[in-house]
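Visitor: no sequence on this one, just coordinates:
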């Protein structure tokens with residue numbers, strides 16, 4: 001049996017003070033009736049409404065909340081969907097138990113929701129002006145029960161934060177006898193017309209395609225990350241290698257001294273053969289200039305090795321010119337030099353007459 005029926009409503013509910021405040025924490029335990037407000041924000045809260053979907057339909061309220069351990073003992077059907085119907089919350093119900101269906105046909109038609117909730121105590125006012133001492137919040141569905149009338153069982157009472165049950169007047173459930181078929185169901189945020197097989201299949205195929213596309217995208221991104229990681233590691237290796245090559249290629253002070261000596265020797269040999277050497281010329285340029293001067297066009301197309309070999313032959317007997325620099329002379333400051341010059345001038349004057357007398 002598939003039916004749509006109203007299962008909850010907004011408004012004011014009245015409970016005995018001992019049900020609302022059994023430990024008298026809010027001084028309501030001895031109050032005959034306590035008004036409890038259930039407003040739109042609580043009844044039609046999306047999270048609360050969704051919490052009922054997929055939960056079982058029971059025949060009367062079980063002595064304890066329905067769990068995975070006792071589900072088979074109590075389930076007589078399933079809540080397939082939920083929607084707002086004015087000030088009511090309606091459920092799409094699928095009854096699958098023959099005995100429960102027979103009881104509905106026999107007149108057991110009221111519904112009572114089993115759920116957990118929180119209570120806020122304070123001064124609240126319903127839309128019709130009724131003053132309330134408490135307000136329900138954070139409803140979480142557990143089951144919906146077929147009942148004869150009124151609340152049933154010791155667990156079906158409002159308590160701070162646990163299972164409560166509420167029964168709606170029988171005139172709200174005339175739709176039970178109409179056996180309206182379930183027309184829609186919410187799948188991953190999409191409303192699917194279950195009466196239309198083609199639409200249902202197309203919707204499921206769309207969801208599967210979206211899942212496959214997302215999986216492919218994740219795979220592609222994972223591959224890209226792996227590629228980038230490998231490229232980064234390769235670049236790091238190249239940089240490390242180049243840094244080592246630069247370090248290895250840097251000449252040591254000893255190598256620089258030897259290179260300087262070799263350049264000076266080459267320059268001296270070239271000069272001994274009459275070649276003009278400038279500071280801008282390196283060893284190769286000096287050799288080339290020397291070979292070109294003595295060999296002419298014959299050496300025009302020679303390689304560096306041939307130039308070096310020819311230079312070695314040409315300068316085999318060359319002796320670099322050695323210029324004597326003489327004995328070292330003391331260098332005095334300007335004051336001493338002036339004094340010496342004056343002394344020499346006076347001495348010359350004093351002996352000048354002797355030369356004339358002779």
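Guide: Structure received. Predicted model, so just to flag it, every value in this text is computed and none were measured. Residues are numbered from 1 along each chain as shown.
Visitor: Near the closest residue to residue 259 other than its chain neighbours, how many other residues are there?
Guide: Distance criterion Cβ to Cβ, 6 or more residues apart in numbering; nearest residue to residue 259, sequence neighbours excluded, is residue 251 at 7.2 Å. All C-beta atoms are positioned from the backbone trio N, CA, C, and that covers glycine. The local packing of residue 251 (other Cβ atoms under 10 Å) involves 10 other residues.
Visitor: what about residue 251, distance to residue 294?
Guide: 31 Å (Cβ to Cβ, to the nearest Å).
Visitor: Does the host helix or strand of residue 12 pack against any helices or strands, and if so which?
Guide: Take DSSP states H and E as the rule and residue 12 turns out to sit in strand 11-15. Judged by 3 or more Cβ pairs under 8 Å, 6 or more residues apart in numbering; DSSP states H and E, the packing partners of strand 11-15 are strand 34-38.
Visitor: Show residues contacting the strand it packs on.
Guide: Identification of contacts with strand 34-38 by Cβ atoms under 8 Å, 6 or more residues apart in numbering yields 9-17, 19-21, 28, 119, 124-126, 130-136, 158.
Visitor: how about a cut-off of 10 Å?
Guide: Strand 34-38 has contacts (Cβ atoms under 10 Å, 6 or more residues apart in numbering) with 8-21, 26, 28, 117, 119-121, 124-127, 130-137, 139, 158, 164, 166.
Visitor: do stretch 117-135 as well
Guide: 10-15, 17, 20-21, 25-28, 31, 33-42, 48, 87, 136-141, 158-164.
Visitor: pLDDT averaged over it - what is it?
Guide: Mean pLDDT, stretch 117-135: 95.
Visitor: cool, stretch 230-241 as well?
Guide: 86.
Visitor: and that stretch, which residues are buried?
Guide: Residues of stretch 230-241 classed as buried: none (neighbour count, 16 or more other Cβ atoms under 10 Å).
Visitor: which stretches of the stretch 101-250 of the chain aren't confidently modelled?
Guide: Applying pLDDT under 70 to the stretch 101-250 of the chain flags residues 149-196, 199.
Visitor: One more pass at 90, please.
Guide: Scanning the stretch 101-250 of the chain with the threshold set as pLDDT under 90 gives 103-113, 117, 147-218, 220, 222-223, 225-226, 228-250.
Visitor: All the helices of it, in order from the start?
Guide: Per DSSP state H, counting those that start in this stretch, the stretch 101-250 of the chain carries helices over the ranges 197-249.
Visitor: Neighbours of the closest residue in space to residue 111 that isn't next to it in sequence, how many?
Guide: Distances taken as Cβ to Cβ, 6+ apart place residue 7 nearest to residue 111, at 4.8 Å, with adjacent residues excluded. By the measure other Cβ under 10 Å, the count of residues near residue 7 is 24.
Visitor: just residue 3 next, same as before
Guide: Counted with other Cβ under 10 Å, residue 3 comes out at 22.
Visitor: Can you name the residues bridging to it?
Guide: residue 93 (DSSP bridges).
Visitor: Can you check the pLDDT for it?
Guide: pLDDT, read off for residue 3, is 88.
Visitor: From residue 52, how far out is residue 35?
Guide: Noted for residue 35: a distance of 25 Å to residue 52, by Cβ to Cβ.
Visitor: These two - which one has more neighbours?
Guide: Neighbours of residue 35 and residue 52, each counted by other Cβ under 10 Å, are more numerous for residue 52; the result is 23 against 18.
Visitor: Now do that one against residue 5, distance only.
Guide: Using Cβ to Cβ, we find residue 52 at a distance of 13 Å from residue 5.
Visitor: follow-up on the earlier one: just the buried ones among the contacts of stretch 117-135, please.
Guide: 10, 12-13, 15, 17, 20-21, 26, 28, 31, 34-39, 42, 48, 136, 138-139, 141, 158-159, 163-164.
Visitor: Run through the residues that contact residue 276.
Guide: By Cβ under 10 Å, 6+ apart, residue 276 lies in contact with 270, 289, 293.
Visitor: Phi and psi next, for it.
Guide: When read as degrees, to the nearest 10, the backbone of residue 276 gives phi -80, psi 130.
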